[in-house]
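Trainee: what would the 3D arrangement of this be:
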Amino acid sequence: MDDAARLDAWDQLDLPAAQARLAWLVPELIRHNRLYHEEGAAEIEDRDYDLLYRELEVLEGRFPHLRRPDSPTARVGGAPVDGLVPFPHRIPMLSLGNTFTHAEIADFVVKTDEKGRITGGLVLQLQRQGVAVSPDALAFVVEPKLDGLAVELVYVEGRLSGAGTRGDGEVGEDVTHNVRTIKNVPRTLVSGEGPVPAYLSVRGEVLFDLPGFARMNEERLAEGEEPFKNPRNAAAGTLRQLDPRIAARRPLRFVAHSAGEGLDIDAAPTHWALLQRLQALGFTINTLNRRCVGVDAVIAAVAEVGRQRDGLDHEIDGAVIKVDDRGLQETLGSLTRSPRWATAFKYPPPRARTRLLDVEFSVGRTGVVTPVAKTEPVTVGGVTVTSITLHNERHLAWPHSAWMEGDRPRSRGIPGAPLRRGDLLAIYRAGDVIPRVDAVVDEAGRNAREAFIFPEVCPDCGEALVAEDAPRAGGDLDPHPNRSWRCPNALGCPQQLKASLQHFAGRGAMDVDGLGAKLIAQLVERGLVRHPSDLYRLDTATLAGLDRMAEKSAENLVAALERSKAQPLHRALVALGIPQVGESTARDLADHFGGLDALLAATEEELAAVHGIGVEVARSARGFFASAANREELARLRALGIGFLAAARAAPSADHPAAGRSFVLTGTLPTLSRDEAKARILAVGGKVVGSVSKKTDFVVAGEAAGSKLTKAQELDLAILDEAGLLALLDGGAR
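Mentor: I've put the predicted structure just below:
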């Protein structure tokens, strides 16, 4: 159903139906908020989220007594991510309300009834406060709504002193160390068109440019790494890295759209003047920004931004409409979550139509079989699409949005209507690298075409697939739950083996330089490698006989394999691909047990008792080590020279001044990264903790230290800068 029909449907719900809907809607929106803001792993598109949020607003507006204390309408975003220093905002960073149609834009400004009487909108709010304005004379600024990560930059005496994400609007995450690496962020403000403010906070979006994002993904693929799924999540993940060298290598940029403090109304009486002042100070602003007078001009500007969307070198998902007069902005004020004087117009994701040629079934490293639609080439959102991941059985049986008759949507999901060869698909991209099927056109005669069904056996090795059931997405009436099908033949399935070997040899694991995907495919297809241990039996002569392998390349690869035998235990554990055991967990296990024998002998309870290891991870690790086939492979690897020993660490001196002391790190240090400082403290027997308390011995404060420094001062704790920390670690201070 279209947006107008959805709005009508929400208005028709009675009290019991509204109660039932809210009981599902509030937890679902909280879950999506957490996935987007805290985990960078959004499951739905922005527009779908916004429509769910609008539904919540409508229902709470009709039934205010049903509003729950934990409703997302009372919050801006998610909590700060653990591991980054909090960044408090002196003025809250608010979100925006949304509009989806041109009629809603008009209603945002002035809403009238059938007799022409004003019943809502900005004009009515201003009239109620004694400000007479004409809708046709009211000025606005229309800006593209950038699809990046909201950030605030703080300048003191003209120099960049801090940067933080929006977080929950009150407190974000300190990302100063990464923002400093963004090339178009001014370190020092430009003077010339007036004095530089003593204190200035500037707000905007950090985003990738699309050509740079594409190049970065190409480089990642060439190095055997997974490509990033979309620019927005990649930008968010990059800014949350602790090592600024990662951000420095990536093509990020900052686009300013407002100021929190420092440019008062006297300095910039309108929002348009504020943008020009920010540009004069050295900030990048969007070239598509437009100043408009009257509703018709606003709607025209929003439409023009939408027309240019596909040709831009960055992602946008809408337009932002702001009252230009900052005095009127103050008069209108704000709601809990958003300002009354601004709103966002959300564009529907760009769509295209194409024919379904085939469905292939791909086997991943863990054995999960994923259907992939192969289509006629079509351009959508600036990208040529030929493959669309369908994720699981449900998406093969029912595309995950509406079906269609011509251009008219039908009900969501039709039992017994699987995808068929030659189907006309409506697809969209909405910023994802891999597009999605939005709908299937229900053409005459399509039921006579071949239907695609999920295979019962592995398409690569013929082993019978096993189902991993998940909750039914459509309730008890849904015959196709969101379950996955897995090939259990982990050691004998060629496709799993290829993916496992790529993982085994990759960075962060055994790090075998020169062992790429194409070479691994040759080794598996020729029967030369059936297990990771077989890699260490390869010799120069065998490798030199492969396609595109010269003798020198073969010698280099054999040498790289020999070097990899010395990788410490935690890297080897990562290489083994133990389910739920990533780098951090592998380090915890290696540090605790010290060697493979102790790990093999550990019970599930002993594994779960390790700091940072939960019950599920312990069960997964124990299951892996209990497998006879896995134990045989581990024995083969050991026999070939893999040591599986934890990295040697010098025992810290018990009388070192830092031994047994607790440290809290906050802010950005001049030369040491957070990880480097932590490693040096641990090496001498100190402890690094995440929060400040009376039991904290030292707080190490760098530039733009946040609330942890304030609390340390309140508790009169010992505070060190980097020089003081290094002196202490060298044993020269207590």
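
Trainee: ok, residue 685 touching residue 655?
Mentor: No: using CB atoms under 8 Å, residue 685 makes no contact with residue 655, being 9.7 Å away. Placement of C-beta: from N, CA and C, glycine included.

Trainee: compare the two (neighbour count), which wins?
Mentor: Counted by other CB atoms under 10 Å, residue 685 and residue 655 do not tie: residue 685 has more neighbours, with 17 against 8.

Trainee: quick one: the more buried one and residue 657, what's the gap?
Mentor: To residue 657, residue 685 is 10 Å away according to CB to CB, to the nearest Å.

Trainee: buried set for stretch 46-54?
Mentor: Burial within stretch 46-54, assessed by neighbour count using 16 or more other CB atoms under 10 Å, is assigned to 46, 47, 49, 50, 51, 53, 54.

Trainee: I meant to write stretch 709-719 there.
Mentor: Neighbour counts using 16+ other CB under 10 Å place 709, 711, 712, 717, 718, 719 of stretch 709-719 among the buried residues.

Trainee: repeat that for stretch 102-109.
Mentor: Using 16+ other CB under 10 Å as the test for burial, stretch 102-109 gives 102, 104, 105, 106, 107, 108, 109.

Trainee: pretty sure the third one is in a strand, no?
Mentor: No: assigned with DSSP: H, G, I helix; E, B strand; the rest coil, residue 105 falls outside any strand and is helix.

Trainee: contact partners for it?
Mentor: 99, 295, 298, 299, 302, 321, 343, 345 (CB atoms under 8 Å, 6 or more residues apart in numbering).

Trainee: which of those has the weakest pLDDT?
Mentor: Within the contacts of residue 105, the minimum per-residue pLDDT falls on residue 99 (91).

Trainee: so how many other residues sit close to that residue?
Mentor: Residue 99: 23 neighbours (other CB under 10 Å).

Trainee: which strand or helix spans residue 586?
Mentor: In the assignment (DSSP states H and E), residue 586 maps to helix 583-593.

Trainee: that helix - what's its average pLDDT?
Mentor: Rounded mean pLDDT across helix 583-593 is 82.

Trainee: what of stretch 369-388?
Mentor: The pLDDT scores in stretch 369-388 average 84.

Trainee: show me what counts as buried in that stretch.
Mentor: Buried residues in stretch 369-388, counted by 16+ other CB under 10 Å: 369, 370, 371, 372, 373, 375, 378, 380, 381, 383, 385, 388.

Trainee: if I look at the second one, how far off is residue 486?
Mentor: This points to residue 370. From residue 370 across to residue 486, the span is 11 Å (CB to CB).

Trainee: could you do the last one as well?
Mentor: Residue 388 sits at a distance of 21 Å from residue 486 (criterion: CB to CB).

Trainee: what about the stretch 151-300 of the chain, any weak spots by pLDDT?
Mentor: Within the stretch 151-300 of the chain, the stretches with pLDDT under 70 are 192, 224.

Trainee: same question, the stretch 501-650 of the chain
Mentor: 584, 612, 647-650.

Trainee: which strands and helices sit next to the lengthiest helix in the chain?
Mentor: As assigned by DSSP state H, the longest helix anywhere in the chain is helix 15-37. Contacts defined by 3 or more CB pairs under 8 Å, 6 or more residues apart in numbering; DSSP states H and E place helix 15-37 against helix 46-62.

Trainee: list the buried residues for stretch 160-176?
Mentor: 160, 162-176.

Trainee: report the rounded mean pLDDT for the longest helix of the chain.
Mentor: Mean pLDDT, computed over helix 15-37, is 81.

Trainee: can you tell me the SS state at the residue of the chain positioned farthest from its centre?
Mentor: No residue in the chain sits farther from the centre than residue 115, which is 48.1 Å out by CA atoms, centre = their mean. Assigned state for residue 115: coil (three-state reduction, three-state DSSP).

Trainee: per-residue pLDDT of it, please?
Mentor: For residue 115, the model assigns a pLDDT of 82.

Trainee: same check on residue 701?
Mentor: Per-residue pLDDT puts residue 701 at 87.

Trainee: the residue lying closest to it once chain neighbours are set aside: which element?
Mentor: Spatial nearest neighbour of residue 701, excluding adjacent residues (CB to CB, 6 or more residues apart in numbering): residue 709 at 4.8 Å. Taking DSSP H and E as the criterion, residue 709 maps to helix 707-714.

Trainee: show me what that helix is packed against.
Mentor: Here helix 707-714 touches strand 86-88, strand 662-666, strand 698-701, strand 718-720, going by 3+ CB pairs under 8 Å, 6+ apart.

Trainee: return the most buried member of the ones you listed.
Mentor: strand 698-701 (a mean of 24; mean count of other CB atoms under 10 Å).

Trainee: so what touches that one?
Mentor: By CB under 8 Å, 6+ apart, strand 698-701 touches 661-667, 669, 677, 692, 708-709, 712, 717-722, 724-725, 728.

Trainee: each with direction, which strands does that strand pair with?
Mentor: strand 662-666 (parallel), strand 718-720 (parallel) (DSSP bridges).

Trainee: will you turn these into JSON lines that also has mean pLDDT and distance to residue 221?
Mentor: Listed next are the strands paired with strand 698-701 as JSON lines, based on pLDDT from 0 to 100; distance: least, CB to CB, whole Å:
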{"stretch": "strand 662-666", "mean pLDDT": "88", "distance to residue 221": "35"}
{"stretch": "strand 718-720", "mean pLDDT": "86", "distance to residue 221": "43"}
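
Trainee: in a markdown table: those strands, plus distance to residue 314.
Mentor: A markdown table is the format used below for the strands paired with strand 698-701 (distance: least, CB to CB, whole Å):
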| stretch | distance to residue 314 |
| --- | --- |
| strand 662-666 | 33 |
| strand 718-720 | 41 |
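
Trainee: of all those strands, which lies closest to residue 9?
Mentor: Nearest to residue 9, of all the strands paired with strand 698-701, is strand 662-666, at 49.7 Å by CB to CB.
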